[in-house]
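[1] got a structure for you, letters missing:
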């Protein structure tokens, strides 16, 4: 990270690279994030209904549970796991291939800080696009729960919407965005590190991609626990 943030190129050099990375990181991840988040929301709603065995619990609680689970945990964390598998492996594989084919060395020979030139646009693009993916995932998960429950006749649309609106805490959005920015930085930086320091041949590139995904997932889950411990008290105030 020290090499990435120091001795950078001119600002204009990164503009095109940044938009290219936004396309690769954000736009190309829309389909998989949309599918996963929609079905996660649907399953959460259905499972919640079948676990509400007491007649004393109103059905609008389903919407409340799906909303809080989605905003606080499912949208940022599940998207992070998908992001690590889709984007993290791609970053590690791309940089690893450039390293073993000596393209990174060629940049260094030309006097370019290869770490900053190759890695910085990926990190900034990840910090930009990942929160947007989390917003999309949250909306689709809540909507997926609505569609699954109403079409199956498990609850009425009015009950679900009442639950979504009930006892809402605006800090939940801040909580989700804190996770989103931290998770995106962890995935992009860890994956870039693994790819940039690849040594060997094609086999090692595959190993670097695997290690990038594995380490990113472990980092996301560890950070998720720590962030929850630090910020959960604000949700109760």
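    Perfect, I can see it now. Because the structure is predicted, anything quoted here is derived from the model rather than measured.
[2] contacts only, for residue 97.
    Each residue near residue 97 by C-beta atoms under 8 Å, 6 or more residues apart in numbering is listed here: residue 205. C-beta: built from backbone N, CA, C; applies to glycine.
[3] tell me which element it falls in.
    helix 89-100 (DSSP states H and E).
[4] past that helix, which element shows up next along the chain?
    Tracing the chain C-terminally past helix 89-100 and defining elements by DSSP H and E, one meets helix 103-109 next.
[5] how far does whichever helix in the chain runs longest sit from its chain's centre?
    Looking only at the chain and at elements set by DSSP state H, the helix with the highest residue count is helix 114-151. Relative to its chain's centre, helix 114-151 lies at 6 Å (C-alpha atoms, centre = their mean, to the nearest Å).
[6] buried ones in the next helix or strand along the chain from it, by neighbour count?
    If you walk from helix 114-151 toward the C-terminus, the next helix or strand you reach (DSSP H and E) is helix 157-165. Of the residues in helix 157-165, those buried under the neighbour-count criterion (16 or more other C-beta atoms under 10 Å) are 159, 160, 162, 163, 164.
[7] what's the angle from the helix holding residue 97 to helix 114-151?
    Orientation note: helix 89-100 sits at an angle of 160 degrees relative to helix 114-151 (axes from the mean of the first three to the mean of the last three C-alpha atoms, to 10 degrees).
[8] numbering from 2 from now on, please.
    From this message on, residue numbering opens at 2, which makes the last subject helix 90-101.
[9] what mean pLDDT does helix 90-101 get?
    Over the span of helix 90-101, the pLDDT mean works out to 90.
[10] residue 156 and residue 147: what is the separation?
    Between residue 156 and residue 147 the distance is 9 Å, computed by C-beta to C-beta, to the nearest Å.
[11] need the overlap of contacts for those two.
    Counting by C-beta under 8 Å, 6+ apart, the shared contacts of residue 156 and residue 147 are residue 64.
[12] those two: which has the busier surroundings?
    Neighbour tally, residue 156 and residue 147, criterion other C-beta atoms under 10 Å: the higher count belongs to residue 156, 24 against 21.
[13] just confirm that one contacts residue 59, I think it does.
    No - counting by C-beta atoms under 8 Å, residue 59 is not a contact partner of residue 156; they are 9.7 Å apart.
[14] any low-confidence regions in this structure?
    When the per-residue scores of the chain are filtered using pLDDT under 70, the ranges that remain are 54, 236-238.
[15] ok, back up a step: can you list the buried residues of helix 158-166 in CSV and add distance to residue 141?
    Output for the buried residues of helix 158-166, formatted as CSV (distance: C-beta to C-beta, whole Å):
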residue, distance to residue 141
160, 20
161, 15
163, 21
164, 17
165, 14
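[16] of these, which is the nearest to residue 68?
    The nearest member of the buried residues of helix 158-166 to residue 68, counting by C-beta to C-beta, is residue 165 at 4.9 Å.
[17] hmm, the closest one is touching residue 64, no?
    Yes - at 4.4 Å, residue 165 counts as touching residue 64 under the criterion of C-beta under 8 Å.
[18] quick revisit: farthest-apart pair in the buried residues of helix 158-166, please.
    Distances among the buried residues of helix 158-166 were taken as C-beta to C-beta; the most separated pair is 160 and 165, at 10.0 Å.
[19] overlap in contacts of the two?
    Here residue 160 and residue 165 have residue 64 as joint contacts, going by C-beta under 8 Å, 6+ apart.
[20] so what does residue 77 have for phi and psi?
    Per-residue torsions, residue 77: phi -70, psi -40 (degrees, to the nearest 10).
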